[in-house]
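> Here is a sequence with its predicted model. Questions after.
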There are 2 protein chains.
Amino acid sequence: MPHRTAFFISDGTGITAETFANAILAQFEIKPHRIRLPFVDSVDKAHQAVHQINHSAKVDGSRPLVFTTVVNMEVLAVLKSECKGMLIDMFGTFIAPLEAELGIKSNHRVGRFSDVTRTQAYHDRIEAINFTLAHDDGQTHVDLANSDLILIGVSRSGKTPTSLYLAMQFGLKVSNYPLIPEDFERRQLPPALVPFKKKLFGLTIQAERLSEIRHERKANSRYASLVNCRYEVSEAEAMMRRAGVRWLSTTSKSIEEISTIILQEIKPERLDY
Amino acid sequence: MPHRTAFFISDGTGITAETFANAILAQFEIKPHRIRLPFVDSVDKAHQAVHQINHSAKVDGSRPLVFTTVVNMEVLAVLKSECKGMLIDMFGTFIAPLEAELGIKSNHRVGRFSDVTRTQAYHDRIEAINFTLAHDDGQTHVDLANSDLILIGVSRSGKTPTSLYLAMQFGLKVSNYPLIPEDFERRQLPPALVPFKKKLFGLTIQAERLSEIRHERKANSRYASLVNCRYEVSEAEAMMRRAGVRWLSTTSKSIEEISTIILQEIKPERLDY
């Protein structure tokens, strides 16, 4: 199979185009060379992009795959008429039938990420990231009541990356709180969390996998030992069961999968769906 | 215009479908009610989804918009034949022509986020998030050399959310380091950063906007005062200019735009494009 180059062209950041195009490319057993061309927002830049695409076509000896979400019609026209790649118009393909269905015209607004900084939604999202960071790993009890969600679990069960993902992607204020040996001895949830039981969601993990992850941090420690991991995991699960806290196992789940499952269970009020 | 419901249906998390579909919907002046149906990976669940869609059609008195990235052909067949919504097959639409172009069949693999947890790429991404978190706000000099990128700038110029976004979205290890009044008095970059000049990228911000942001944190403080913000911003910019550090203004840019511009400038080695 000839070598392929995939271009991601947008008049905005191109991040939406690229993420979605990569999901499509993942359906094929190919590893194209990838080139991102963001901010292609003028006829001039369109010509430069065409030049680069056509150069790749020549060097590779194969048509480049050109994924585009350009909404400016003049820019798109240059790409359509002059580029020697396979043009995959990811917006236009769906916008025309949607215009027909909805009976209204699209606004050809560039990108989801331009002009957003002064919107309330963007402000709230940045606030959510800051809140989540400040409430990582039980750092503070201040304002815990304003959490949309509080994740609990043993150290290295996946709380931190999941919390940050939920803040970044969905604008949720997520606190996370470790369950530690002191809690297991008391056989009680950390006292600070008791008033917020409805907001709690637990993450657990297979002891063997936990031990691997902890060994990467602190090799040959008691903390990372399988016997200790087994103890902590079983105590944490027993505690969550007693307290009636919903939980899931993160062992073979990505942060996207974990987050999606949590949102199905918790349905935070602030999320409009 | 009748009320509309938009469904996002996936056999995986549906996050890719939803993000992209929201970008398409943003092209229209409508605010549909949104319903996410993830993990629709069996004929049974497909029937349940159809039931929900057809119920919405009846209640709304209008065809729901059904965005799907389902790759399981049996599941898709149920949606296609039985749902009364406008089915927008976001994968299939592009996969058929790509199969023709590439001369190979697609693998119908579910989602980008399933089965990924044991891959090196996923492991590296989680590591990047942990690294970035540990290196937030100049917390540690340890391992600074392993940063793909080091962001510098005055307090509240946007370093932290940008760093986390770059880690989350692109798997980059990003340190960030504040420029503080002591640095301005010495008129030198923080000594710890000098060996890594090539990895530095500066964020600056309009003093008026900075003052607003700081007032949200510490109202009526000297820290937030416009006169102090003007001083810090002008000193930071002068320092970056002297040191030959590239920088951009974050004043009206989203973290996605900031990240995209930085990647165009820095082109970290670890990113394969």
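Received the coordinates, thanks. Residues are numbered from 1 along each chain as shown, chains lettered A, B, ... in the order given.
> Quickly list the domain ranges of chain A.
By the record's domain assignment, chain A is partitioned as A:5-102, A:120-266 (automatic domain parsing).
> How about the longest one and chain B, touching?
Pointing back at domain A:120-266 there. Yes: using CB under 8 Å from any CB of the partner chain as the criterion, contacts between domain A:120-266 and chain B involve A:122, A:126, A:129-130, A:133, A:136, A:160-161, A:164-165, A:168-169, A:251-257, A:259-260, A:263-264. Yep, even glycine has a C-beta here, placed from its N, CA and C like the rest.
> List only buried entries from those residues.
Applying 16 or more other CB atoms under 10 Å in any protein chain shown to the residues of domain A:120-266 next to chain B, the neighbour count classes A:122, A:126, A:129-130, A:133, A:136, A:160-161, A:164-165, A:168-169, A:253-257, A:259-260, A:263 as buried.
> Helices - which of those residues land there?
Using DSSP state H, the members of these that fall in helices are A:122, A:126, A:129-130, A:133, A:160-161, A:164-165, A:168-169, A:255-257, A:259-260, A:263.
> And stretch A:258-271, what's buried?
A:258-263, A:266, A:268.
> Alpha carbons of it, as PDB, please.
Taking Å, rounded to 0.1, in the frame of the first residue of the first chain, the C-alpha atoms of stretch A:258-271 are listed here in PDB:
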ATOM      1  CA  ILE A 258     -15.100   5.900  33.300                       C
ATOM      2  CA  SER A 259     -16.500   9.400  32.900                       C
ATOM      3  CA  THR A 260     -19.300   8.300  30.600                       C
ATOM      4  CA  ILE A 261     -20.400   5.700  33.000                       C
ATOM      5  CA  ILE A 262     -20.300   8.100  36.000                       C
ATOM      6  CA  LEU A 263     -22.400  10.600  34.100                       C
ATOM      7  CA  GLN A 264     -25.000   8.000  33.300                       C
ATOM      8  CA  GLU A 265     -25.300   7.200  37.000                       C
ATOM      9  CA  ILE A 266     -24.900  10.600  38.600                       C
ATOM     10  CA  LYS A 267     -26.500  13.000  36.000                       C
ATOM     11  CA  PRO A 268     -25.200  16.200  37.600                       C
ATOM     12  CA  GLU A 269     -27.800  18.900  37.600                       C
ATOM     13  CA  ARG A 270     -25.500  21.500  36.000                       C
ATOM     14  CA  LEU A 271     -25.100  19.400  32.900                       C
END
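> How far away from the center of its chain is that stretch?
14 Å (CA atoms, centre = their mean, to the nearest Å).
> Run a quick neighbour tally on A:Ser81.
A total of 9 residues lie near A:Ser81 under the criterion other CB atoms under 10 Å in any protein chain shown.
> and the gap between it and chain B?
Noted for A:Ser81: a distance of 19 Å to chain B, by CB to the nearest CB, to the nearest Å.
> Wait, a strand at that residue?
No: in this structure, A:Ser81 is helix, not part of a strand, as judged by DSSP: H, G, I helix; E, B strand; the rest coil.
> follow-up on the earlier one: quick check: the farthest pair among the buried residues of stretch A:258-271?
By the measure CB to CB, A:Ile258 and A:Pro268 form the most distant pair in the buried residues of stretch A:258-271, at 14.9 Å.
> how about low-confidence regions in the stretch 151-273 of chain A?
Scanning the stretch 151-273 of chain A with the threshold set as pLDDT under 70 gives A:268-273.
> Would you map the strands across it?
For the stretch 151-273 of chain A, the strands defined by DSSP state E, counting those that start in this stretch occupy A:174-178, A:200-204, A:247-249.
> so of those, which one's packed in deepest?
Counting by mean count of other CB atoms under 10 Å in any protein chain shown, strand A:174-178 has the highest mean neighbour count of these, with a mean of 26.
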